[in-house]
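sequence? don't have it. structure:
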């Protein structure tokens, strides 16, 4: 599977960004797609996931109400709309396959896109 993220950048606190992930070449079985983030000296955090079956969504408490995950099947593209960004959202964001539905067991992921939120 190939996952290519884009849309990261530098934004001031309170601003917005939309991440995109172009997906192709699926060969593994997966429960859904999602985003996780990795900040320096912090554990990887599953941010948001969406299931293949019924498009149900999961959000980490830290982003609930601010981030929205969506998928465009026609374009095979996953999105993450991030609003009201905070400095603590600064991290590398990865698009990934969610293997088990818990938004924590990820199979394949892309190269990541850096999101930096300045205070």
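Done, it's in. Quick caveat: nothing in here was measured; it's all calculated off a predicted structure. Numbers count the residues shown, from 1 in each chain.

Look up how far residue 44 lies from residue 95.
Counting by Cβ to Cβ, to the nearest Å, the gap from residue 95 to residue 44 is 13 Å. In short, each C-beta sits where N, CA and C put it, glycine included.

Check residue 80 too.
In terms of Cβ to Cβ, residue 80 sits 16 Å off from residue 44.

Between those two, tell me which one has more neighbours.
residue 80 (26 against 15; other Cβ atoms under 10 Å).

which residues touch that one?
With contact set as Cβ atoms under 8 Å, 6 or more residues apart in numbering, residue 80 has these partners: 18-19, 21, 35, 47-48, 67-69, 93.

Most neighbours among those residues, which one?
Among the contacts of residue 80, residue 35 has the most neighbours (other Cβ under 10 Å), with 30 neighbours.

Please name the nearest non-neighbouring residue to it.
Take residue 35 and drop its neighbours on the chain: the residue closest to it by Cβ to Cβ, 6 or more residues apart in numbering is residue 47, 4.6 Å away.

from what I can see the one you found touches residue 63, true?
Yes - between residue 47 and residue 63 there is a contact under Cβ atoms under 8 Å: 5.7 Å.

So residue 32 is in contact with residue 49, correct?
Yes - counting by Cβ under 8 Å, residue 49 is a contact partner of residue 32 at 5.2 Å.

Now for these two: what residues contact both?
Counting by Cβ under 8 Å, 6+ apart, the common neighbours of residue 32 and residue 49 are 98, 101.

How is residue 88 assigned, secondary-structure-wise?
Secondary structure for residue 88, judged by DSSP: H, G, I helix; E, B strand; the rest coil, is helix.

Where does pLDDT dip in this structure?
Within the chain, no stretch has pLDDT under 70.

Next up, identify which helix or strand the residue nearest to the spatial centre of it is on.
Ranked by distance to the mean C-alpha position of the chain (Cα atoms, centre = their mean), the top residue is residue 35 at 2.3 Å. Taking DSSP states H and E as the criterion, residue 35 maps to strand 32-38.

ok, residues contacting stretch 45-52?
Contact partners of stretch 45-52, identified using Cβ under 8 Å, 6+ apart, comprise 30-38, 56-60, 62-63, 67, 69-71, 78, 80, 91, 93, 98, 101-104, 106.
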